[in-house]
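Enquirer: This is a predicted model, with the sequence first.
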Amino acid sequence: MKTAHAMDRTIGLVTPLGALRSRKSIGVGEFPDLMELGDLCNRIGVGLIQLLPVNDSAFQSSPYSALTAFGLHPLYIRIGDLPEAKGQERKLRELGAQFEALDRFSYGPILTAKMALLREIFNQHKQSILDQAEAGKPLAQWIEKNPWVREYAVYRRLKDENKGKHWKEWKTFQEPRAKDMTKLWEKPQYREEHLFWVWIQSVADRQFTQAATYLAQRGIVLKGDLPILMNEDSCDVWAHPEYFRRDLAAGAPPDMFSPLGQNWQFPIYDWEALGRDNYSWWRNRLALADRYYGAYRIDHVLGFFRIWAVSKNDTSAVLGRFIPSLSISRSELEALGFDSGRIRWLSQPHIPTAEVYNALRSSDLGRGNDGEKAVQEEAHRVFDQALDRIGSEELWLFKDCIKGERDIQALNIHPAISQYLQRAWRDRVLLEFEAEKFVPSWSYWDTRAFPTLSEKERRDLEALITEKRRSSEDLWEDQGRRLLSVLRSSTEMLACAEDLGAVPDCVPRVLEELGILGLRVVRWARRWGQNGEPYIPLEEYGEQTVCTAAVHDSSTIREWWEREADRDAFRAFIGEPSLSDHYTSETARIILKKVAMARSRLRVFQIQDLLHLSDRWYADDPASERVNVPGSVNDFNWTYRLPAPIDEIAEDKQFISAAQELCELGAQKRNR
């Protein structure tokens, strides 16, 4: 979907597709609802609609945990628009009555109900659909234009046959070869089931393409969201293991909010393998996105420069490393005066005998008359299962069979000693990720071994670590430039990057060089480390950026203002000293207008935040208006819905007037 890279200053809105509500949708937003939203946007002056990912995630409600990088989610199909759905009006009304009144959409039950009805419709019209898959017919032509659907259909069939289990738990075809895939697709006994999934995808594609075309014809840019990482239990990782390093999981290093880091449990890419294939997987993915979108968000763009990679044997992310990065060789350590024993001391946890007993004695195991006996017995079990003694010393190393925290958790030992051993496992200065290759642990200075080094040894080792990290930034810059150049050259879509977090200096440099818009979240765009951590003035944002006041993983502006913000500091920042503590439509109007005047080319607002321009659309609890609460898994996340159908919102004169005023202000040119 073509769009001009020189798109004028634009105000946009961000919404999950499932959040939309119309008179025709059934309990969840559907592809055609975008057209009705587009009419509303046209009326108020919004020029961009940004969606969260819309790929099939099956029964994972998170759109960032998809089964496929290519297939669309059947949840968003409007069944009533299908020609084959004639005669299903009563069932559709029943589904509407069951789900439409809910404040948040009921992800699992709605998906189950819609899939059951789609299956029923397919079975009723099976012969005509199968006929359309004959050579030269429309469905066969669609398959030829979308070759990824063959693997997807085979994967979905096998997943259903295995009761939804991860492909690692399947009885067969855990590691399919290309010829296996072809044979499975072509087997006559599976043709009907495969074509069911093909038909589903062709229907979703038709509806989404129609909606995207409608928006483009009215001058509205549709912006998609491309998560960088893939769920391990996905068609892509299953069918193309050559493109992924499944021995490693992506994540984030420890910080003040996550002392053990974040282990996302998604495999990382094998960029060398992808490069040998001219990055065809990524090029094909972008070509498909280009069918619908005029712009796209690159999720976690830092991952294209370097990714925090964790062993699949660990559950935490403490012992991760950045890939790519320069390692420290054994010879370099020896040149600093460290012999093999000292290198082992730095790179392998050493566990004193007394600490094992102390951990057990401080637990419930050590209480009572027989406590000491129980401690002795349990200690012997621990030594037998997990540890090897170093000669006659009162020090122990982990057995070779212990490869990570998962192995420790699997031991038949008391929980208290299991937790102690996991902490001990993470206590190392250097991580030997390959033979003779070392990287520093994230908090190498806060370990048992590091303080035991002499001052000179500490100084020399830290100098070497600093040198390697500085040189690694050159690797990151080269990789980021190479990979993002592939993305930029593969499509005319406007590329926007989610570049939050601890951003290396090379990232904004490469983004600017390639014309990729960075992201500025007002509440987090501050001069961190300076006295008072002042906000960066909105007029200092780069023109080649996207500015927003809230994202799907944060609170809304309203909840932030009422429960999280340093209101005095923000009042001073925007020059509104009398702004009320209580968030009202007037508060919303003032804050949103300030954000709309940022120097950024795109200023986007969550749809909930825009609705707060009217007094009519305030939930009793502002937390109920969030899209997602990171770190939690529940039925709340990812199920936000509009408080009313789009046509009812369009009748709200207060909202329309305030939104029009905001968009007119936001469209004004800014002085350079």
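Expert: Yep, that arrived. Numbering: from 1, shown residues only.

Enquirer: Now do the strands in the stretch 451-600 of the chain.
Expert: Here the stretch 451-600 of the chain has its strands, by DSSP state E, counting those that start in this stretch, at 494-497, 518-521, 545-548.

Enquirer: Go through those strands and pick out the most buried.
Expert: Most buried of these, by mean neighbour count (mean count of other Cβ atoms under 10 Å): strand 545-548, with a mean of 26. (C-beta placed from N, C-alpha, C; glycine too.)

Enquirer: Give me the packing partners of it, helices and strands only.
Expert: In terms of contacts (3 or more Cβ pairs under 8 Å, 6 or more residues apart in numbering; DSSP states H and E), strand 545-548 is packed against strand 518-521, strand 602-606.

Enquirer: Out of the ones you listed, the one nearest Gln265 is which?
Expert: Comparing these against Gln265 with Cβ to Cβ, the closest turns out to be strand 518-521 (24.7 Å).

Enquirer: elements contacting that closest one?
Expert: So strand 518-521, by 3+ Cβ pairs under 8 Å, 6+ apart, packs with strand 494-497, strand 545-548.

Enquirer: try it again with 10 Å
Expert: Applying 3 or more Cβ pairs under 10 Å, 6 or more residues apart in numbering; DSSP states H and E, one finds that strand 518-521 contacts strand 494-497, helix 506-514, strand 545-548, strand 602-606.

Enquirer: Turn the ones you listed into JSON lines, columns for distance to Val382 and mean pLDDT.
Expert: Listed next are those as JSON lines, based on distance: least, Cβ to Cβ, whole Å; pLDDT from 0 to 100:
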{"stretch": "strand 494-497", "distance to Val382": "48", "mean pLDDT": "97"}
{"stretch": "helix 506-514", "distance to Val382": "45", "mean pLDDT": "96"}
{"stretch": "strand 545-548", "distance to Val382": "51", "mean pLDDT": "98"}
{"stretch": "strand 602-606", "distance to Val382": "51", "mean pLDDT": "98"}
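
Enquirer: so which of those comes closest to Glu436?
Expert: Closest among these, once you apply Cβ to Cβ, is helix 506-514, at 28.3 Å.

Enquirer: Where is the longest helix in this structure?
Expert: Using DSSP state H, we find that the single longest helix of the chain is helix 455-489.

Enquirer: Report the angle between that helix and helix 506-514.
Expert: Orientation check (axes from the mean of the first three to the mean of the last three Cα atoms, to 10 degrees): helix 455-489 against helix 506-514 gives 20 degrees.

Enquirer: So for helix 455-489, what gets flagged as buried?
Expert: 457, 460-461, 464-465, 468, 472-473, 475-477, 479-481, 483-484, 486-488 (16 or more other Cβ atoms under 10 Å).

Enquirer: And for stretch 427-439?
Expert: 427-433, 438-439.

Enquirer: Most widely separated two among those residues?
Expert: With Cβ to Cβ as the measure, no two of these lie farther apart than Asp427 and Phe433, at 16.7 Å.

Enquirer: thinking again about what came up before, now distance to Asp407 too, for the strands of the stretch 451-600 of the chain, in JSON lines please.
Expert: Listed next are these as JSON lines, based on distance: least, Cβ to Cβ, whole Å:
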{"stretch": "strand 494-497", "distance to Asp407": "38"}
{"stretch": "strand 518-521", "distance to Asp407": "39"}
{"stretch": "strand 545-548", "distance to Asp407": "43"}
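
Enquirer: These: which one's closest to Arg563?
Expert: For Arg563, the closest of these is strand 518-521, at 17.2 Å, according to Cβ to Cβ.

Enquirer: Given that closest one, what are its sheet partners and their directions?
Expert: Strand pairing for strand 518-521, determined by DSSP bridges: strand 545-548 (parallel).

Enquirer: before we move on, back to that, list the ones among the buried residues of stretch 427-439 that fall in helices.
Expert: Among the buried residues of stretch 427-439, no residue falls in helices (DSSP H).

Enquirer: Point out the least confident member of those, please.
Expert: For those, the weakest pLDDT value sits at Phe433, with 92.

Enquirer: can you tell me how far it sits from Leu613?
Expert: From Phe433 across to Leu613, the span is 52 Å (Cβ to Cβ, to the nearest Å).

Enquirer: And the strands in the stretch 101-250 of the chain, which stretches?
Expert: Listed in chain order, the strands of the stretch 101-250 of the chain (DSSP E, counting those that start in this stretch) span 221-226, 244-252.

Enquirer: what about Arg448, which helix or strand?
Expert: Under the criterion DSSP states H and E, no helix or strand holds Arg448.

Enquirer: Next up, phi/psi of it, please.
Expert: Backbone torsions for Arg448, taken as degrees, to the nearest 10, come to phi -70, psi -40.

Enquirer: burial of it, as a residue count?
Expert: Using other Cβ atoms under 10 Å, Arg448 has 15 other residues around it.

Enquirer: ok, how many other residues are close to Lys91?
Expert: Neighbour tally, Lys91, other Cβ under 10 Å: 16.

Enquirer: Report the buried residues of the helix or strand that contains it.
Expert: Using DSSP H and E, Lys91 sits within helix 89-99. Using 16+ other Cβ under 10 Å as the test for burial, helix 89-99 gives 91-92, 95-96, 99.

Enquirer: elements contacting it?
Expert: Using 3+ Cβ pairs under 10 Å, 6+ apart, helix 89-99 is in contact with helix 107-124.

Enquirer: Max pairwise distance over the buried residues of helix 89-99: which two?
Expert: Farthest pair in those (Cβ to Cβ) is Lys91 and Phe99. Separation: 12.5 Å.

Enquirer: anything in contact with each of these two?
Expert: Common neighbours of Lys91 and Phe99, using Cβ atoms under 10 Å, 6 or more residues apart in numbering, are Ala113.

Enquirer: Quick one: the helices and strands packed on strand 518-521 as a markdown table, columns for distance to Phe636 too.
Expert: A markdown table is the format used below for the helices and strands packed on strand 518-521 (distance: least, Cβ to Cβ, whole Å):
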| stretch | distance to Phe636 |
| --- | --- |
| strand 494-497 | 28 |
| helix 506-514 | 33 |
| strand 545-548 | 22 |
| strand 602-606 | 16 |
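
Enquirer: For Met181, which of these is the nearest?
Expert: Closest to Met181 of these is strand 494-497 (Cβ to Cβ; 31.6 Å).

Enquirer: Show me what the closest one packs onto, helices and strands only.
Expert: Strand 494-497 sits against strand 221-226, strand 295-298, helix 455-489, helix 506-514, strand 518-521, strand 545-548, strand 602-606, with contacts defined as 3+ Cβ pairs under 10 Å, 6+ apart.

Enquirer: Which among the helices and strands packed on strand 518-521 is found nearest to Thr209?
Expert: Of all those, strand 494-497 sits nearest to Thr209, with 19.1 Å by Cβ to Cβ.

Enquirer: Just the CA atoms of that closest one, as PDB, please.
Expert: The C-alpha atoms that make up strand 494-497 are tabulated as PDB, following Å, rounded to 0.1, in the frame of the first residue of the first chain:
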ATOM      1  CA  LEU A 494       7.100   4.400   5.800                       C
ATOM      2  CA  ALA A 495       9.300   2.700   8.500                       C
ATOM      3  CA  CYS A 496       8.900   3.700  12.100                       C
ATOM      4  CA  ALA A 497      11.000   2.200  14.900                       C
END
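
Enquirer: which stretch of helix or strand covers Ile402?
Expert: Per DSSP H and E: Ile402 is located in neither a helix nor a strand.

Enquirer: picking up where we left off before, quick one: which of the buried residues of helix 89-99 is nearest Glu120?
Expert: Lys91 (8.4 Å).

Enquirer: State the pLDDT value of the closest one.
Expert: pLDDT, read off for Lys91, is 96.

Enquirer: cool, Leu395 as well?
Expert: On pLDDT, Leu395 comes in at 96.

Enquirer: wait, what's in contact with the nearest residue to it once chain neighbours are set aside?
Expert: Closest residue to Leu395 apart from its sequence neighbours, by Cβ to Cβ, 6 or more residues apart in numbering: His350 at 4.9 Å. Shown in contact with His350 (Cβ under 10 Å, 6+ apart): 344, 390, 393, 395-398, 424, 427-428, 448-449.
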